[in-house]
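Trainee: All I have is the shape, not the residue letters:
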């Protein structure tokens, strides 16, 4: 099972993105776990998820988080601002799965 963690400031919008991603995964029969937490918990979850997606509002943390994630071979990406704003869970999930190989 692939495990995806979305990180944000605290936002309601991120939980809506997770819900849409989960609905898309379920409809396509994709076995994936998707959660959202505040960015301050990033290091607490470092070993529990395969990839970390940042909400566009915290994209400035990408370099800092990627430097930490490199130590355990994980990837940090920023969710496309338009996809995030329009809550395109299916597109965000598809893009993420491509990144994960």
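Mentor: Arrived safely. Keep in mind that this is a model prediction, so the values were computed, not measured.

Trainee: what helices or strands is the longest helix anywhere in the chain leaning on?
Mentor: Ranked by residue count, the top helix of the chain under DSSP state H comes out as helix 12-28. Secondary-structure packing of helix 12-28 (3 or more C-beta pairs under 8 Å, 6 or more residues apart in numbering; DSSP states H and E): strand 2-8, strand 32-38, helix 89-100. In short, each C-beta sits where N, CA and C put it, glycine included.

Trainee: Can you check what angle separates that helix from strand 2-8?
Mentor: Angle, helix 12-28 to strand 2-8, by axes from the mean of the first three to the mean of the last three C-alpha atoms, to 10 degrees: 160 degrees.

Trainee: list the buried ones in helix 12-28?
Mentor: Buried positions in helix 12-28, judged by neighbour count with 16 or more other C-beta atoms under 10 Å: 13, 14, 17, 18, 20, 21, 22, 24, 25.

Trainee: Need the residues that contact the lowest-mean-pLDDT helix or strand in the chain.
Mentor: Taking mean pLDDT, DSSP states H and E as the measure, the chain has helix 12-28 as its least confident helix or strand, at a mean of 94. For helix 12-28, contacts defined as C-beta atoms under 8 Å, 6 or more residues apart in numbering pick out 4, 6, 8, 30-32, 34-36, 55, 79, 84, 87-90, 92-94, 96.

Trainee: Just the buried ones among the residues you listed, please.
Mentor: Looks like the contacts of helix 12-28 have 4, 6, 8, 32, 34, 36, 55, 79, 84, 87-90, 92-94, 96 buried, using 16+ other C-beta under 10 Å.

Trainee: From residue 100, how far off is the residue lying closest to residue 10 once chain neighbours are set aside?
Mentor: Closest residue in space to residue 10, ignoring its immediate chain neighbours: residue 38 at 5.5 Å, by C-beta to C-beta, 6 or more residues apart in numbering. Here residue 38 is placed at a distance of 23 Å from residue 100 (C-beta to C-beta, to the nearest Å).

Trainee: Can you tell me the element residue 69 falls in?
Mentor: Assigned by DSSP states H and E, residue 69 falls within helix 62-70.
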